[in-house]
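Undergrad: please find the sequence and the predicted model below.
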Amino acid sequence: MLVRSQSSGDSDVGYGRRLSGVFESLVRRKQVDSENVTRENHHQLAKKLSAIDLVAIGVGATIGAGVYILVGTVAREHAGPSLAISFLIAGVAAALSAFCYAELACRCPSAGSAYHYTYICVGEGVAWLVGWALILEWTIGGSTVARGITPNLALFLGGQDKLPAFLARITIPVLDIVVDPCAAILIFIVTALLCVGIKKSSLAQTIVTTINVCALLFISIVGGYLGFRDGWVGYELPNGYFPFGVNGMFAGSAVVFFSYIGFDSITSTAEEMKNPQRDLPLGIGLTMLICSILYMLVSTVIVGLVPYYALDPDTPISSAFSTYGVQWAMYVITVGAVTALFASLLGSILPQPRILMAMARDGLLPSIFADINKHTQVPVKGTIITGLFAAALAFFMDVSQLAGMVSVGTLLAFTTVAISVLILRYVPPHESPLPSSLQEAINSTLSQLDGESQKTDSNVLGDSSGFHETNIQDSNDEGNGMLSYPLIERQVSREEKRRKTAAWAIALVCLGILIVTFTASAKYLPSIPRFISCGVGGVLLLGSLIVLASLEQDDARHSFGHRGGFACPFVPFLPVACILINSYLLIDLGLATWIRVSVWFAIGALVYMFYGRTHSSLVNAVYVRTNYVDEIYRSSDHVA
């Protein structure tokens, strides 16, 4: 049996059913983009990005001005002189997600990033949730960054009163709102850059990122010279290298972890790369390496120049240099902060139109977001809409208190990407949705293959891993002779048993992680219930992980999506560690953040229920065994 349709009452089709109802719409999965899917789209994004462009985008989006402030706060409150180790641990934790992203980006190199991967591997419902969260992440993130440029620009010019009148912040007394024209103008500039083409905008990103990196290298080199000259007084402390203990160092790692989360902007441009299988993992890897080295260099120098408790939490780097009388260094540091913020703003606005475009292509959002300009080959309409909304938000609102909502989108995306890697390795989708317009070609191919089934026993045996459990039952009911081939039946049953076991193991691993992380964060619970709950979750997690590790990975993973590229190492242990870390950080964000995010998710649920679910491109899809898709398309060309 090759096909199952989403139509539940079509007896004339005779080979399947139509997915109906809310639940079944949540679990339907789309096909990996291929030549067959690509040729159905008239306009494509321009493939002009190289590995160097990716590194510029990734480093620019990752290293914001946070490093110019974060080192002081984390050193004073958590890590002390061990700040560099905190950055190292956070970098390793972020690299776990980077490994997962790299594999899926190579397999599915299309716009949409985590939303795209989740739609292929998990299902439409979770993919919508991830996409909706990413829209929130990039919008608030971009508005927050734009708001942060104004005070840094004023500092460079000599104070707020030195800013031109049209850029200065103005307070509206009646509404008690501080409007920021400079932030809105900067977003308009970035929007215009993104509309003229991906190559030109990546060139601008390369320039500002290079200036920022040079500023950080200046801080490291000059600060290192001062430290060696005066004996690194920040490390000669009576309370040692870990004044807050090892726990303080790990707490600092959890805070600085969010300094690494910009690398996922690289994967949103996967469709615009010349050679994604080679450049995507290279770009992600170099981005993580460069950012980790720069973070560790700066933190090592700053906490060594002055005692950690003497750092100014607002301007730690400038205050450290001022202690040594190097006042002129403030200008270099301020230039670095401004360029870092501008690069981060570019990196925040760039991915969102591509997320919207991917969701619109799938029918979950209006088609206006899927329009690609013929000349610039970028989603201009989506970029303009994104820029207008972000500029209005930055102009009227101080969204810094909503920064925690940005973390929800990032961590949710990281978690679902890691789960998608497990699904890809152990239970990759073996059915692909085809448009109902191909029904004639599907019937033709089905009839041809059914007629040859008695002559191709060896081919049937080779394809046994792709059979669905219902297909076996249907084959028996229709008298296809499966019972006369006990070896075939036995191998099909064994493969289905392995897939079921792997699916349950993945589900129980996630459940165990949820129990452990929730209990660990629920400090209000009495100690005995927390201990018991953690024990149950831990046993469930470890037991399911052992079962998953003992199972063979699905051979179909080798032909899933685009071949070649990077493969995530240490599966299933690395993705499970990634899920564990990100789940803990998600739950630990706090009740206030989750209440705000719940409102956004509730709005998203309504949009999906009343628009996305009924307009999805999979509403009338016909599901076919993946290994027959190419044959059906060839048959379609022949019929046409």
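TA: All right, it came through fine.
Undergrad: and the longest helix for the protein?
TA: helix 486-521 (DSSP state H).
Undergrad: next SSE downstream of that helix?
TA: Using DSSP states H and E, the helix or strand that directly follows helix 486-521 along the chain is helix 527-550.
Undergrad: just the CA coordinates for that next one, please, in PDB.
TA: Extracted in PDB, the C-alpha atoms of helix 527-550 (Å, rounded to 0.1, in the frame of the first residue of the first chain):
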ATOM      1  CA  SER A 527      12.000  18.700  50.000                       C
ATOM      2  CA  ILE A 528      10.500  15.100  50.200                       C
ATOM      3  CA  PRO A 529       8.000  15.500  47.300                       C
ATOM      4  CA  ARG A 530      10.800  17.200  45.300                       C
ATOM      5  CA  PHE A 531      13.200  14.400  45.900                       C
ATOM      6  CA  ILE A 532      10.600  11.700  45.000                       C
ATOM      7  CA  SER A 533       9.500  13.600  41.800                       C
ATOM      8  CA  CYS A 534      13.100  14.100  40.800                       C
ATOM      9  CA  GLY A 535      13.800  10.400  41.400                       C
ATOM     10  CA  VAL A 536      10.900   9.300  39.200                       C
ATOM     11  CA  GLY A 537      11.800  11.700  36.400                       C
ATOM     12  CA  GLY A 538      15.400  10.700  36.600                       C
ATOM     13  CA  VAL A 539      14.700   7.000  36.400                       C
ATOM     14  CA  LEU A 540      12.300   7.700  33.500                       C
ATOM     15  CA  LEU A 541      14.900   9.800  31.700                       C
ATOM     16  CA  LEU A 542      17.800   7.500  32.200                       C
ATOM     17  CA  GLY A 543      15.900   4.300  31.400                       C
ATOM     18  CA  SER A 544      14.400   5.700  28.200                       C
ATOM     19  CA  LEU A 545      17.800   7.100  27.200                       C
ATOM     20  CA  ILE A 546      19.400   3.700  27.600                       C
ATOM     21  CA  VAL A 547      16.700   2.000  25.600                       C
ATOM     22  CA  LEU A 548      17.100   4.700  22.800                       C
ATOM     23  CA  ALA A 549      20.900   4.300  22.800                       C
ATOM     24  CA  SER A 550      20.600   0.500  22.500                       C
END
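Undergrad: and the contacts of the helix or strand where S253 lies?
TA: Secondary structure assignment for S253, by DSSP H and E: helix 245-256. The contact list for helix 245-256, computed with CB atoms under 8 Å, 6 or more residues apart in numbering, reads 70, 73-75, 78-80, 82-83, 85-87, 89-90, 93, 242, 244, 295, 585, 588. Using the backbone N, CA and C atoms, a C-beta is placed for each residue, glycine as well.
Undergrad: before we move on, what about stretch 162-175?
TA: For stretch 162-175, contacts defined as CB under 8 Å, 6+ apart pick out T150, L153, A154, L157, Q160, I177, V178, V179, D180, P181, C182, I185.
Undergrad: is the first one in contact with V179, as I believe?
TA: I take that to be T150. No: the pair T150 / V179 is not scored as a contact, 10.8 Å apart, by CB atoms under 8 Å.
Undergrad: so what's the nearest residue to A621 once chain neighbours are set aside up against?
TA: Leaving aside its chain neighbours, A621 sits nearest to P433 (3.5 Å; criterion: CB to CB, 6 or more residues apart in numbering). For P433, the contact set (CB under 8 Å, 6+ apart) comprises R28, R29, K30, Q31, L618, A621, V622, Y623, V624.
Undergrad: P433: which element?
TA: P433 belongs to strand 431-434, assigned by DSSP H and E.
Undergrad: mind saving the C-alpha coords of that strand as PDB?
TA: Output in PDB follows, covering the C-alpha atoms of strand 431-434 (Å, rounded to 0.1, in the frame of the first residue of the first chain):
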ATOM      1  CA  GLU A 431       5.400   9.400   4.100                       C
ATOM      2  CA  SER A 432       5.400  12.600   2.100                       C
ATOM      3  CA  PRO A 433       2.400  14.800   1.400                       C
ATOM      4  CA  LEU A 434       1.700  15.500  -2.300                       C
END
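Undergrad: quick one: distance of that strand to the chain centre.
TA: Relative to the centre of its chain, strand 431-434 is centred 25 Å away, using CA atoms, centre = their mean, to the nearest Å.
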